[in-house]
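J.: the sequence and its predicted three-dimensional model are supplied below.
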Amino acid sequence: MARRRKKEEEHENHERWMVSYADFITLLFAFFVVMYSLSSLNEGKYRVMSDSVVQAFRSIGTHDAGRQVVAIAPIPSIRPVPAASAEAEEQRRAKAERVRNMAEEIRKVLAPLVADGQVRVTEGAFGITVEINAAVLFAPGEALLGPDAVRALRAVAQVVADAEFPITVEGHTDVMPIASAMFPSNWELSAVRASSVVRLFVEGGVRPSRLTAAGYGDQRPVADNATPEGRARNRRVTILVESRLVEPAVTAPVKASGVADSILPADAAPPVPVPAPVPTTDGGAKP
């Protein structure tokens, strides 16, 4: 009886692999649970950490001697802030509304010329375009504004004077050559006509820094110059009211050495000129 029991105990168990397999599956499940927990980012804690890092980089310390320490630029936020996006969208809508109202006011003050087809007022992605037939403003071959043109343009100047949008006045001609004592070519004629409109706008209260005059001669036609109607269409003055705000230009002062002050320390010494090499009698050069 004892020998039989001993043989039963020595019988090999062929299902022991299931224990190891179960342990492996358990460890694999735990591994994926840990990986998932690491991939789930707490957005609140991340935003607090990001704000703390940005605030730390913005701070500026000083040495004991009082010399300023260069601060590292703040790290840009990874995700856009919803409030800022809403504010930017509101500013864009307000700007578009101002441009739309300005275009309507220009159409009102130029209503008779718009009705006759002498003036075209259009709105586009870059702002307002006011195309005026040159015959309304100038006599043939001249750049002096007539009384009716002065009244119409002053009305336009009153509409755009209070805005902050840049204005470009373009002069255009047809391909018919001109050769007079005052205007040797169409280039001079178109440029002086544009300048005449710009000067009247300045007198009408438009800030000069917003204005640009450009003369294109016959290089930018909008119709066929082969017909009288096309040439009449090409003789025009175009007023472009750009839908972007004027930003003041900031220029860094430049030292005599040609290096901007903004990149030099306050106590930096001026650069020392390097003397040119002096030739010697043996054909070489010494410093």
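T.: Yes, it's here. Numbers count the residues shown, from 1 in each chain.

J.: tell me, which helix in this structure spans the most residues?
T.: helix 82-109 (DSSP state H).

J.: which stretches in the stretch 101-250 of the chain count as helices?
T.: Secondary structure of the stretch 101-250 of the chain (DSSP state H, counting those that start in this stretch): helices at 111-115, 134-137, 147-160, 186-203, 228-234.

J.: looking at the ones you listed, which is closest to E15?
T.: helix 147-160 (91.3 Å; C-beta to C-beta). From N, CA and C alone the C-beta is placed, and that goes for glycine too.

J.: quick one on the thing from earlier: which other helices and strands does the longest helix of the chain contact?
T.: Packed against helix 82-109 by the contact rule (3 or more C-beta pairs under 8 Å, 6 or more residues apart in numbering; DSSP states H and E) you find strand 119-124, strand 127-133, helix 147-160.

J.: deepest-packed of these, please.
T.: strand 127-133 (a mean of 20; mean count of other C-beta atoms under 10 Å).

J.: give me the contacts around that strand.
T.: For strand 127-133, contacts defined as C-beta atoms under 8 Å, 6 or more residues apart in numbering pick out 99, 102-103, 106, 110, 113, 118-123, 156, 165, 222, 232-233, 235-244.

J.: that strand pairs with which strands, parallel or anti?
T.: Looking at strand 127-133 with DSSP bridges, its partner strands are strand 119-124 (antiparallel), strand 236-242 (antiparallel).

J.: just to revisit the earlier point, whichever of the contacts of strand 127-133 end up buried, select them in ChimeraX.
T.: The ChimeraX selection below is limited to those of the contacts of strand 127-133 classed as buried (16 or more other C-beta atoms under 10 Å):
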select :99,102,103,106,110,113,118,119,120,121,123,156,165,233,235,236,237,238,239,240,241,242,243
